[in-house]
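Asker: What follows is a protein structure lacking sequence information:
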C-alpha cells in the first residue's frame, strides 16, 4: 500500500491563478479530509468527505472547492489563489468503522505571490 | 470553545534524559485524543489514540497517558532519532461525521547525542 499520496510536493502560484491539489489513497478508506498547517495556528480542517459523492465544509472552507467522484481520490481546488492561502496542505483518510484514527499524506507546500 | 494547548513549545534533551510533553485540552465531551509525530517536511505520523481517563498506551520509548483535562507523552531514555515535532489533537463527541481534529501547536523536541 502506498497509503495517502499527494501531488505536487511544492507549488508557487501568482495571485488570482487557480490550481488543483491532488490526493489519493489506496486503503479503501471512506473518510477523507483536507487540512492546512500554518505557523502558530496548528492544523485546521478545510473540507471533508464521508464517501464518494458526499462532501462538506470544515472550519476554513472559503476559497476552496472539493469533489469526491471515487473512493480513492479527493482533490482540493483553489479557485482564485490569494497570498493568505500560502500554507502547507495535508490530506488525510480514515478507515470506516469505529476507529477515529486519521492517516496523513506527505503534504503540499503552496506559496502564493 | 474547544481548545488544545501544548507545552513546552520546544524541548532540548540530552540522549538518555527522560522527560514529558504536556497536552491540555478543553472540549465539550471527548471522543478521542490523538498523538502524532511530525518530521520536518513530512506529514503527521500517527502514534496513539486515547479514549478515556486512565488509559495508557506505549510504543518503544514513548508512553501516552490521559486524564480528564490533559494528556502526557512520556519519553524514556530518548535517542537523537526521537527528535521531531509532537502534535496532540482531540476530537469532540459532538463532531459527528466531520471527523474534525482540533490540534495543538506542537512541541518540537531535539535530542542531542
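Answerer: The structure has been received and is ready for your questions. All figures in this text were calculated on a predicted structure; none of them were measured in a lab.
Asker: tell me which element the residue most central in space within chain A is part of?
Answerer: Centre of chain A computed as the mean C-alpha position; nearest residue by CA atoms, centre = their mean is residue A:34, 3.0 Å away. Counting by DSSP states H and E, the element that carries residue A:34 is strand A:31-38.
Asker: Can you give me the buried ones in that strand?
Answerer: Burial within strand A:31-38, assessed by neighbour count using 16 or more other CB atoms under 10 Å in any protein chain shown, is assigned to A:31, A:32, A:33, A:34, A:35, A:36, A:37. C-betas here are computed from N, CA, C, even on glycine.
Asker: so does the longest strand anywhere in chain A get close to chain B?
Answerer: Among the segments of chain A that qualify as a strand by DSSP state E, the longest is strand A:42-51. Yes. Looking at strand A:42-51 against chain B by CB under 8 Å from any CB of the partner chain, the contacts come from A:42, A:43, A:44, A:45, A:48, A:50.
Asker: in that strand, what counts as buried?
Answerer: Buried positions in strand A:42-51, judged by neighbour count with 16+ other CB under 10 Å: A:42, A:43, A:44, A:45, A:46, A:47, A:48, A:49, A:50.
Asker: quick one: the fourth one from residue A:76, how far?
Answerer: From residue A:45 across to residue A:76, the span is 12 Å (CB to CB, to the nearest Å).
Asker: between the two, what contacts are shared?
Answerer: Residues touching both residue A:45 and residue A:76 (CB atoms under 8 Å, 6 or more residues apart in numbering or on different chains) are residue A:34.
Asker: Setting aside sequence neighbours, what's the nearest residue to the residue nearest to the centre of chain A?
Answerer: Excluding its sequence neighbours, the residue lying closest to residue A:34 (CB to CB, 6 or more residues apart in numbering or on different chains) is residue A:46, at 4.3 Å.
Asker: Please name the residues that touch that neighbour.
Answerer: Applying CB under 8 Å, 6+ apart, we find residue A:46 in contact with A:33, A:34, A:35, A:36, A:58, A:59, A:60, A:61, A:64, A:66, A:76, A:89.
Asker: What's the per-residue pLDDT of the fifth one here?
Answerer: Confidence per residue is given as pLDDT, and for residue A:58 that number is 92.
Asker: ditto for the third one
Answerer: The per-residue pLDDT reported for residue A:35 equals 96.
Asker: Can you pull the residues of chain B lying near chain A?
Answerer: Near chain A, when you scan chain B using CB under 8 Å from any CB, you find B:4, B:31-32, B:34, B:36, B:41-46, B:49, B:87, B:89, B:91, B:97-106.
Asker: and the residues you listed, which of them are in strands?
Answerer: Secondary structure from DSSP E places B:4, B:31-32, B:34, B:36, B:45-46, B:49, B:87, B:89, B:91, B:102-103 of the residues of chain B next to chain A in strands.
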